[in-house]
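K.L.:
Have a look at this prediction, sequence included:
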Amino acid sequence: MPIVTDLAILPGTRYPAGRRTRNIAGGAAPIHATNFSMGFVELDAYGGQVPWHNHVQEEVYFILRGEGELCLGEEVITVAAGQAVYVPSGEYHQLTNTSGTTLEMIYCYGPAGEIAHWRQELDGTLPRAGVEAPALPAGAKPQRLGDGKK
């Protein structure tokens, strides 16, 4: 029997840094893949963010709609709809919506499982750029911690 999930009915999780994430496959998602995780993310207009973090999984961000600033290691680039970005294992990265519309993207990483920054962000314990984590690249948008701190 095929396993089908419908993005329209997945509630997802709202994060303090201005985004909603709906896990489609892997981990606690409806599709119980073990070798990868995949999900759909909406970043709020003008600053919604996947904050500065790293993890052991390699990952790909595929931008479906909107435009943003991606920090990857010591680099800052602009990303837009139709582009995919590879994030190597262990590399710090951050994605910030710089447009006036919702930025939509799909992530895929492997192996499957939840990423620590999800819980850290919800708990208010996300490592701060330049304090408990490496500094953001020069000129980058500040890290949003969701608790009023930047």
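P.N.:
Alright, I've got the coordinates. Residues are numbered from 1 along each chain as shown.
K.L.:
any idea of the pLDDT on the residue nearest the centre of the chain?
P.N.:
The centre of the chain sits closest to Val50, judged by Cα atoms, centre = their mean, with a distance of 4.0 Å. Val50 carries a pLDDT value of 98.
K.L.:
swap in Ile115?
P.N.:
Value listed for Ile115 in the pLDDT field: 86.
K.L.:
Can you list phi and psi of it for me?
P.N.:
phi -100, psi 140 (degrees, to the nearest 10).
K.L.:
In space, what's closest to it - neighbours in sequence excluded?
P.N.:
His55 (5.0 Å; Cβ to Cβ, 6 or more residues apart in numbering). Where C-beta positions appear, they are placed from N, C-alpha and C, glycine not excepted.
K.L.:
Could you measure from that neighbour over to Gly47?
P.N.:
Distance of His55 to Gly47, given as Cβ to Cβ, to the nearest Å: 23 Å.
K.L.:
how far does the helix or strand bottoming out on mean pLDDT in the chain sit from the chain's center?
P.N.:
Across the helices and strands of the chain, the lowest-confidence element by mean pLDDT, DSSP states H and E is helix 116-123, at a mean of 92. From the chain centre to the centre of helix 116-123 is a distance of 12 Å (Cα atoms, centre = their mean, to the nearest Å).
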